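1. got a sequence here, can you build the structure:
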Amino acid sequence: MIDPGDFLKGIRRCLKKGGLVLVLTHNMDSWLSVLLGERWDPINTAHITFFTKRTLEMTFLKNRFAVCSVFETPNTFSAGHWVLRSPLPAPLKKLAGSVLSTLHLNSLRLTLRIGNIGIIGQRPFS
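-> Numbers count the residues shown, from 1 in each chain. As a prediction, the model looks like this:
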């Protein structure tokens, strides 16, 4: 998304009065973002716009949405996936993957709060 304002204006036009929109995105204030800085995966992919809870809420308000809720969202992946996506050096990833496989824990589902936020906005009735 190049321009969040344009995106929200388009959503607002499509919604009926009182209609809801849910947006999930990365949180620049998350502990993982702060810890990893420029090495944080969303910064190194195709993302060009970043938010904190506050800036996400302000963007919705600026585009004439009522804000129903702003919240953190967890991620659930297998232990093996978490290891592969971790910022560990390759040799440590390989070792951790081997340990998980040996212990038959590779597919163990883990839910972590690592840095995503959500917002529910509503097109006003008036």
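
2. and stretch 105-121, how far from the chain's centre?
-> 9 Å (CA atoms, centre = their mean, to the nearest Å).

3. residues in contact with it?
-> Among residues not part of stretch 105-121, those counted as contacts by CB atoms under 8 Å, 6 or more residues apart in numbering are 8, 20-27, 30-33, 40, 42, 51-53, 56-57, 60, 65-80, 82, 97, 100. (C-beta placed from N, C-alpha, C; glycine too.)

4. let's see which of these end up in strands.
-> 20-26, 66-78 (DSSP state E).

5. type out the PyMOL command that picks the buried ones from these.
-> For the buried members of the ones in strands among the contacts of stretch 105-121, the matching PyMOL selection, counting by 16 or more other CB atoms under 10 Å, is:
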select buried, resi 21+23+25+26+70+77
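
6. from Asp41, how far out is the closest residue to Leu36 other than its chain neighbours?
-> Spatial nearest neighbour of Leu36, excluding adjacent residues (CB to CB, 6 or more residues apart in numbering): Pro87 at 5.7 Å. The gap separating Pro87 from Asp41 is 8 Å, by CB to CB, to the nearest Å.

7. who has more neighbours, the two?
-> Just comparing Pro87 and Asp41: by other CB atoms under 10 Å the higher neighbour count belongs to Asp41, 16 against 12.

8. can you find which helix in the chain contains the most residues?
-> In the chain, with assignment by DSSP state H, the single longest helix is helix 90-102.

9. tell me what it is packed against?
-> Judged by 3 or more CB pairs under 8 Å, 6 or more residues apart in numbering; DSSP states H and E, the packing partners of helix 90-102 are helix 79-85.

10. for the helix it packs on, what is the average pLDDT?
-> Averaged across helix 79-85, pLDDT comes to 90.

11. just the buried residues of it, please?
-> Ala79, Gly80, Trp82, Val83.

12. which positions in the longest helix of the chain come out as buried?
-> By neighbour count with 16+ other CB under 10 Å, helix 90-102 contains the buried residues Ala96, Leu100.
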